[in-house]
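**Student:** The sequence isn't on hand, but the structure is:
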């Protein structure tokens, strides 16, 4: 699904070139659950932005579902983001004065899905995160955990091939964090490809593969063997 | 992104900030209401003035002493500029009356004088004229009768009073047969005119005193020339021909061979209408220009608020881009919001402006003048709606573009 070769990204900060990624290579297959970890400044956010088509690499190649990022226009990238990718952010990024329904609907506004097919999709996505009874509630009135669940529903509504999650439990208490990770676990079990960026070891342990970055290079790329699948989210986060 | 989704998203965004949306619209509401009100007032004033010119009679041609700049339809003859020119005399009037396409012709001399009846007095404009003047200029008699050609020939000192001056001097008394003094000459009142209101160029026709021209020339002014000759063509189709004939007759009588040295000027009602139309159009334009300033201020208000909105909604812009919105989608959304604000403001402004126009009509028709009509030009309404939307487009494009080109990564990180 994802193939990255010698990927590098250089930024100009105050006219000084800063190398965020220094030439990394890896593949991600369909159905994988990958945790990207690393200390601050290691390049994990830059990697996520490039993988999710929000940014382009300075050098190297990135192929997603057989399409190379170099060959695609900004409009085509936007279309693929809409159709094939789901996004979950640490800060939820919900429209707080809009309802749960309206928030989950946002990606559909930019899709080709006929209007009459939107409602069943939204209802199904909201049901999958257990918030059917909150459909008309303003997002701002929800708890942190509920907000992140709405964000997950929004990420899933277009039935994407891959879900990118950037520190999804960073703003949540342990209980809510556990509930959110349970949902990720469930999504993975359903065959969804997930790329999770986190600095929390216990969150990463829900994944099956770990890519650890350091100074823009891959320090570790290995399966996660020590896992706590027997623990529920609550116990794990405690 | 489908148009209905652009509209839906924009309306939802505006509804999320109702108070701000309404306050933002206020500038446009005031601007559009002002444009509607001032266009309505301007149009009503134009109608009033043009109706007054048309009300002076029909198929009229005015012969004014003194030449003008031939290149201009609107330049004033010397006599209008206060220079005494004595070129139009009784022989000219007699010659014109012989023309077959001239139905009637009357001459006028004009002056101002004190009018006295017992202890009442006033200063009025008097017109020395002949009997045809009444029918040519649509002056109708309310009481008594107009003077006749025999009054002119016999130098009878008789006067016809305007309705207002009659009331000023006589109150409820019947003025017919009473003697007044005008410029120290005694006149017997033979008639009172119907109320006619303001004439062209603001002459108060109800305070006018009409006397035989022969008396005015010899006994009041000591002159033998005319200030103006008014000719009524037999019908509308002969006006141009009649005008040409007047020029020919007067040049012959005045022995003028060089057309550039004409000592008279011909003006038709059409010229007067065109001149007044020009003046009132400029007046309207001036009024609308003032109103447009408030529209521009309103537009800048829209731009200001939209810029604030773009900054406030930076994360929303980042999110929309992350989930698939293109720059064009974002541009459309913010532009549509600006246009929605100004269009809605425009519609409310049209309603308020129309209401104020009706109110102004009610007040002005009672206080200022009879003949004031309500004009609410549909062109003004369409223009206002169009202009308000255009303002949204013009002043919304910069904030919308700013939102559209925002970097999604920076936007998502914005605190």
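**Tutor:** Alright, I've got the coordinates. A quick note: this is a predicted structure, and the numbers were derived from the prediction, not measured.

**Student:** Could you find the closest non-adjacent residue to the residue of the stretch 251-400 of chain B found nearest chain A?
**Tutor:** With CB to the nearest CB, the shortest gap between the stretch 251-400 of chain B and chain A falls at residue B:324, namely 2.4 Å. C-beta here means a position set from N, CA and C on the backbone, and glycine is covered the same way. Spatial nearest neighbour of residue B:324, chain neighbours left out: residue A:82 (2.4 Å); criterion: CB to CB, 6 or more residues apart in numbering or on different chains.

**Student:** what packs against whichever helix or strand the one you found is part of?
**Tutor:** Using DSSP states H and E, residue A:82 sits in helix A:74-84. Helix A:74-84 sits against no helix or strand, with contacts defined as 3 or more CB pairs under 8 Å, 6 or more residues apart in numbering or on different chains; DSSP states H and E.

**Student:** again, only this time at 10 Å
**Tutor:** Judged by 3 or more CB pairs under 10 Å, 6 or more residues apart in numbering or on different chains; DSSP states H and E, the packing partners of helix A:74-84 are strand A:59-64, strand A:67-68, helix A:100-109, helix B:314-322, helix B:327-367.

**Student:** Would you mind measuring from the residue of the stretch 251-400 of chain B closest to chain A to residue A:152?
**Tutor:** Distance of residue B:324 to residue A:152, computed by CB to CB, to the nearest Å: 17 Å.

**Student:** likewise residue B:188?
**Tutor:** Taking CB to CB, one finds residue B:188 at 105 Å from residue A:152.

**Student:** repeat for residue B:91
**Tutor:** Residue B:91 is 105 Å from residue A:152, where distance means CB to CB.

**Student:** More neighbours: these two, which one.
**Tutor:** Remark: of residue B:91 and residue A:152, residue A:152 carries more neighbours, 26 against 10, as counted by other CB atoms under 10 Å in any protein chain shown.

**Student:** before we move on, back to that, the residue nearest to residue B:324 is in contact with residue A:155, isn't it?
**Tutor:** No: counting by CB atoms under 10 Å, residue A:82 stays clear of residue A:155, with 11.5 Å between them.

**Student:** Between the two, which has more neighbouring residues?
**Tutor:** The neighbour comparison of residue A:82 against residue A:155 (other CB under 10 Å) goes to residue A:155, with 26 against 22.

**Student:** so where does that one fall, helix or strand?
**Tutor:** Assigned by DSSP H and E, residue A:155 falls in helix A:144-156.

**Student:** gap between that helix and the chain center?
**Tutor:** Centre-to-centre, helix A:144-156 and its host chain are 12 Å apart (CA atoms, centre = their mean, to the nearest Å).

**Student:** other SSEs contacting that helix?
**Tutor:** Using 3+ CB pairs under 10 Å, 6+ apart: helix A:144-156 touches strand A:85-88, helix A:100-109, helix A:118-128, strand A:162-166, helix A:174-189, helix B:314-322.

**Student:** From residue A:212, how far off is the most centrally placed residue in chain A?
**Tutor:** Nearest to the mean C-alpha position of chain A, by CA atoms, centre = their mean, lies residue A:164 at 1.6 Å. Using CB to CB, one gets 18 Å for the distance from residue A:164 to residue A:212.

**Student:** The longest helix belonging to chain B relative to helix B:314-322, how many degrees between them?
**Tutor:** Using DSSP state H, we find that the single longest helix of chain B is helix B:269-312. Going by axes from the mean of the first three to the mean of the last three CA atoms, to 10 degrees, helix B:269-312 is angled at 90 degrees with respect to helix B:314-322.

**Student:** what about helix B:269-312, near chain A?
**Tutor:** No: Helix B:269-312 stays clear of chain A (CB under 10 Å from any CB of the partner chain), getting no nearer than 11.8 Å.

**Student:** Can you give the distance from that helix to the centre of its chain?
**Tutor:** Relative to its chain's centre, helix B:269-312 lies at 18 Å (CA atoms, centre = their mean).

**Student:** Show me what that helix is packed against.
**Tutor:** Packing partners of helix B:269-312 (3+ CB pairs under 10 Å, 6+ apart): helix B:18-54, strand B:60-65, helix B:239-253, strand B:264-268, helix B:314-322, helix B:327-367, helix B:378-404.

**Student:** Tell me which of those sits most buried.
**Tutor:** Mean neighbours per residue, mean count of other CB atoms under 10 Å in any protein chain shown, is largest over those for helix B:314-322, with a mean of 24.

**Student:** packing partners for that helix?
**Tutor:** Against helix B:314-322 (3+ CB pairs under 10 Å, 6+ apart) you get helix A:74-84, strand A:85-88, helix A:100-109, helix A:144-156, helix B:269-312, helix B:327-367, helix B:378-404, helix B:408-413.
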